[in-house]
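pasted the sequence and its predicted model underneath.
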Amino acid sequence: MNNSSGDATHFALVAHDARKDEIVDWVGLQLAHLSRVQIFSTGTTGSRIKQTYPELDVTCLKSGPLGGDQQIGAMICEEKLDALVFFVDPLSPMPHDVDVKALTRLATVYDLPMACSRSTADLIVKGLVDGDDYTPV
Ligand SMILES: O=C(CO)COP(=O)(O)O
């Protein structure tokens with residue numbers, strides 16, 4: 001836990017449409033660990049995760065194209081998140097591409113652990129939930 005509120009571990013989980021099935025599958029594989037995490041998601045991603053795993057603690061924000069990416073960006077600036085898992089679709093143009101860029105940019109600016117793929121997302125879970133507390137050097 002590195003968020004400034006000092007309580008539970010907070011993850012943002014976001015996926016573009018072409019990768020929503022993939023994030024739902026990934027959450028299922030990490031269910032035991034993610035059940036110990038407070039999850040914040042953009043609207044449609046969060047609804048899918050909640051529907052499939054009602055036992056998880058998921059807060060749904062606005063849909064990405066309607067401001068959800070920006071809400072997550074604001075949480076990063078306010079140091080309310082410990083990690084961002086963002087399964088980006090690299091093959092489709094997005095009407096809200098500027099928001100997508102802004103979100104990944106802020107994760108970089110604030111040195112927030114960010115995963116855009118399953119393997120990196122696994123490593124984040126291993127480092128932040130399954131392993132010893134992560135302390136940035
Ligand atoms: O568009 C998104 C991220 O850029 C995701 O938004 P939804 O989860 O609402 O589809």
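Cool, got the structure. What you see is a predicted model, and the numbers here were worked out from it, not measured in a lab.

relative to the ligand, how far out is Asp54?
Careful, residue 54 is Pro; it's not Asp. 18 Å (Cβ to the nearest ligand atom, to the nearest Å). For every residue, glycine as well, the C-beta is placed using N, CA and C.

A strand includes that residue, no?
No: applying DSSP: H, G, I helix; E, B strand; the rest coil, one finds Pro54 to be coil, outside a strand.

buried ones in stretch 100-116?
Residues of stretch 100-116 classed as buried by neighbour count (16 or more other Cβ atoms under 10 Å): 100, 103-104, 106-107, 112-116.

filter these down to the ones near the ligand?
With Cβ under 6 Å from any ligand atom as the criterion, the buried residues of stretch 100-116 include Val100 near the ligand.

show me which pair in the buried residues of stretch 100-116 is furthest apart.
Val100 and Pro113 (18.0 Å; Cβ to Cβ).

the buried residues of stretch 100-116 in strands, which ones?
Using DSSP state E, the members of the buried residues of stretch 100-116 that fall within strands are 114-115.
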